[in-house]
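Student: quick one, fold the following:
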Amino acid sequence: MFKLTLLSVLTLVLLAPSSTWAQRVPEARLKPVPASEWTDAHRQVLGSRAARGDDTAHVWSTCLRNVELCRNWMGFTDYILSNRLSLTQRDRELIILRVGYLSRSDYEWAVHAGVGLRAGLTKEDLTRITQGPDAAGWSPADATLLRAVDELHKDQHISDGTWARLRERFDEKQLMDIIFTAGQYTLVSMYLNSTGVQLQPNQTGIPR
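Tutor: Numbering: from 1, shown residues only. Here you go, the predicted model:
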């Protein structure tokens, strides 16, 4: 009886929006590299993003603290955010926003809530994303995609049942893109949360 109770408690802890929200870094642990300090290597890595100078998104200018890492990461990031990704933009943003919510990443949510709305999500969808795949109003396809994200976040594995339902809609290339998109933004959330990348002015984080 005690083991069952303990298991139930652990399950609730893993699935609940936990106290990690209270552990957010109030100030940046790593500061963005100011434009006045950018070298040619920094500008090369940033590409067109460099044109914004100190208004360059903090996610990019903070990454410049490790130029070689940033250079290699940018290529993967650009693939996920480009039309080369085999998923629709709406599906991509469903994945990213659910990962951002589960990872308690205010910065990720702040950026991609707007992107998601432009990609076809509604304000009601944004609320439902915080409630998960079992929230009322999702289509079966959306619920399955969100459930896959939840399973990847919790178990680093998509269950057989969810995989079978995904295969009804997605081909092999798309299935790979689902996994790698969720993985990419889990990585991004770790980076943002741990280094304390701060919201840009007028950005709003995860609704509470």
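Student: next one: R43 from N193, what distance?
Tutor: 27 Å (Cβ to Cβ, to the nearest Å). From N, CA and C alone the C-beta is placed, and that goes for glycine too.
Student: more crowded one of the two?
Tutor: Comparing R43 with N193 by other Cβ atoms under 10 Å, the one with more neighbours is N193, at 19 against 14.
Student: output the longest helix belonging to this structure.
Tutor: Across the chain, the longest stretch assigned as helix under DSSP state H is helix 172-195.
Student: and that one, what's buried?
Tutor: 174-175, 177-179, 181-182, 184-186, 188-189, 191-193, 195 (16 or more other Cβ atoms under 10 Å).
Student: and for stretch 52-67?
Tutor: T56, A57, H58, V59, W60, S61, T62, C63, L64.
Student: right, and R165 touches A143 too?
Tutor: No: with contact defined as Cβ atoms under 8 Å, R165 and A143 do not form a contacting pair (9.1 Å).
Student: pull stretch 56-73 out as CSV, backbone CA atoms only.
Tutor: Output of stretch 56-73 as CSV, limited to C-alpha atoms (Å, rounded to 0.1, in the frame of the first residue of the first chain):
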residue,chain,number,x,y,z
THR,A,56,19.2,41.1,-31.6
ALA,A,57,17.2,38.6,-29.6
HIS,A,58,18.9,37.6,-26.4
VAL,A,59,18.8,33.9,-27.3
TRP,A,60,21.2,34.6,-30.1
SER,A,61,23.5,37.3,-28.6
THR,A,62,23.9,35.2,-25.4
CYS,A,63,24.9,32.2,-27.5
LEU,A,64,27.9,34.2,-28.7
ARG,A,65,29.6,33.5,-25.4
ASN,A,66,30.6,30.3,-27.2
VAL,A,67,31.1,31.2,-30.8
GLU,A,68,31.9,27.7,-32.1
LEU,A,69,29.0,26.1,-30.3
CYS,A,70,26.7,28.9,-31.6
ARG,A,71,27.9,28.4,-35.2
ASN,A,72,27.1,24.7,-35.2
TRP,A,73,23.8,25.1,-33.3
